[in-house]
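Student: Build me a model:
(chains A, B and C)
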Amino acid sequence: MAERLITDLGGLPAGAIPREEYHMVFWEKQMIATFNLLWDKGIFNLDEFRRMVESIDAELYKTSNFYRRRLDGMIDLLVEKGLLDPAELEARTQRILQEGTRDHVP
Amino acid sequence: MSLERGPYALGERVRILDLDKPGHVRTPMYVREKVGVIERYCGDFENPEERAYGRVGRERIRLYRVRLRQRDLWPDYEGPDKDTVEIEIYDHWLRPASGGD
Amino acid sequence: MDHEHDGHEHHEHGRGLPPHPTREDDDVALTYGEARYLALKSLLIEKGLVTADEIRRRLEINERGNPQQGARMVARAWVDPAFKARMLADAKEAAKELGLEVTEAKLVAMENTPACHNLIVCTLCSCYPRSLLGEPPAWYVSKAYRSRAVREPRKVLREFGLDIPETVEVRVHDSNADLRYIVLPMRPAGTEGLSEEELAALVTRDCLVGAAVPRSPNA
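Tutor: So this is what the prediction gives:
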């Protein structure tokens, strides 16, 4: 008997389905576009991304949301492929947070 | 692999296997070891179990849609016997359902 | 499991700021998620993997995806039986006739009939014909919907305000692999005099997934 993937939810007990509408903010739209672009360019494929999402910590998956999963999965994949240095990314992220502005980000 | 087990005919009874395959797969638990019928042949696609590890452009495998009765999936299903689920299954996850199935 | 706010970032937007800005977001403090994306974007551009222009162009393509495009296909199918036959045979090809481009490998239209009601779900992730319909609704990507739609679809549909009689089969489609799906709902009674455009206006986003049915404007 194989082990169930954390993403394999079909038939599991669950509560109410959230019905509020969600409107993506601008960075989320850009993030999805970036994701699609990397995919178009053959830098990664959908199944690789799905594998990254499946490999996140089970507890984290339960509380994670769709957009953060997409961002974090894409980052993990680029790191795995040697295209991104996680320390460099984190340093850049902290710098942007400290500056607190979107202005000088390309 | 596709040549060993396919092709299945429309309406043919098939069992969805419970392969002990680590890593990325697209066959959810709730349909494993369940019997349904072939609803359609969808075409040949790259195997996601290979693609998930960056191995692209390999041999394509057959993909089918299988129709299952809700009652067979969940013995305490709330609705009528006629309710169904249809799902896409690659042919190495299928085998013909024998008389005992 | 009751972490049902998948797709939502209310917890990150705290700080008494408006939770759902839809524009440039300059009135909202940077979240860690956004800063992480901005850092990623700038690094990808520096490394020459993408350009800002390519991201902008891809964003424009994504913004074409819209439920109204699916509604146009449905309305055409209602008024043109030959188009409907082609849509049921190959919805991706049929979309082209209306000038709509579907970039997913395959699009399959599932027809609602008096004997069968169709409902679409992706239990493993959130597969959806995005190039045609845009990003899926929050409820569609929620873990609760993905869990329950295959297990108790009638109860889920009742919660959405749809009570399917026991004489009608409920058929759930798990969009788990390579195909993408759109529901072709039934044309409501009392719409004989409506134009194709007026018919399309009856077809909401949720109708295209089977979580709602079009209603006659006079009903």
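
Student: use CA for all of it now, contacts and neighbours both
Tutor: Will do.

Student: my guess is C:D206 meets C:P214, correct?
Tutor: No. C:D206 is beyond contact range of C:P214, at 9.3 Å (criterion: CA atoms under 8 Å).

Student: Where does the prediction get shaky in chain B?
Tutor: Applying pLDDT under 70 to chain B flags residues B:1-6, B:99-101.

Student: Now do the contacts for the residue of chain B most remote from its centre.
Tutor: Of all residues in chain B, B:E78 has its C-alpha farthest from the mean position, at 23.9 Å, by CA atoms, centre = their mean. Neighbouring residues of B:E78 by CA atoms under 8 Å, 6 or more residues apart in numbering or on different chains: C:152, C:154.

Student: same thing with B:P96?
Tutor: Contact analysis of B:P96 by CA under 8 Å, 6+ apart lists B:12-15.

Student: Of the residues you listed, which is the most crowded?
Tutor: B:V14 (24 neighbours; other CA atoms under 10 Å in any protein chain shown).

Student: In terms of helix, strand or coil, where does that one fall?
Tutor: What DSSP: H, G, I helix; E, B strand; the rest coil gives for B:V14 is strand.

Student: how close does it sit to chain C?
Tutor: Here B:V14 is placed at a distance of 17 Å from chain C (CA to the nearest CA, to the nearest Å).

Student: is that residue in a bridge, and if so with what?
Tutor: B:G36, B:P96 (DSSP bridges).

Student: what about the residue positioned nearest the centre of chain B, distance to B:Y8?
Tutor: Centroid check for chain B by CA atoms, centre = their mean gives B:I89 as the closest residue, at 3.0 Å. Noted for B:I89: a distance of 12 Å to B:Y8, by CA to CA, to the nearest Å.

Student: Who are the contact partners of the residue lying closest to C:K106 once chain neighbours are set aside?
Tutor: Leaving out its chain neighbours, the residue that sits closest to C:K106 by CA to CA, 6 or more residues apart in numbering or on different chains is C:L179, at 5.1 Å. Shown in contact with C:L179 (CA under 8 Å, 6+ apart): B:88, C:104-108.

Student: Kindly report the same for C:S175.
Tutor: B:87-88, C:120-123, C:127-128, C:181.

Student: Which of the residues you listed fall within strands?
Tutor: Residues of the contacts of C:S175 located in strands (DSSP state E): B:87-88, C:120-121, C:181.

Student: Would you mind checking those for buried ones?
Tutor: Buried positions within the ones in strands among the contacts of C:S175, assessed by neighbour count (16 or more other CA atoms under 10 Å in any protein chain shown), are B:87-88, C:120-121, C:181.

Student: Let me have the residues you listed in JSON lines, extended by distance to chain A.
Tutor: Shown next, in JSON lines, are these (distance: CA to the nearest CA, whole Å):
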{"residue": "B:I87", "distance to chain A": "12"}
{"residue": "B:E88", "distance to chain A": "14"}
{"residue": "C:I120", "distance to chain A": "13"}
{"residue": "C:V121", "distance to chain A": "9"}
{"residue": "C:Y181", "distance to chain A": "17"}
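
Student: how close does C:I164 sit to chain B?
Tutor: Using CA to the nearest CA, C:I164 is found at 10 Å from chain B.

Student: What is the neighbour count of that residue?
Tutor: C:I164 has 17 neighbouring residues, counting by other CA under 10 Å.

Student: hang on, it in a strand?
Tutor: No. Counting by three-state DSSP, C:I164 falls outside a strand, being coil.

Student: so it touches C:P153, yeah?
Tutor: No. Judged on CA under 8 Å, C:I164 makes no contact with C:P153 at a distance of 9.9 Å.

Student: quick one: the helices in chain A?
Tutor: Using DSSP state H, the helices of chain A run over residues A:26-40, A:46-54, A:58-63, A:66-80, A:86-99.

Student: what's the angle from the last one to helix A:66-80?
Tutor: Compare the direction of helix A:86-99 with that of helix A:66-80 by axes from the mean of the first three to the mean of the last three CA atoms, to 10 degrees and you get 140 degrees.
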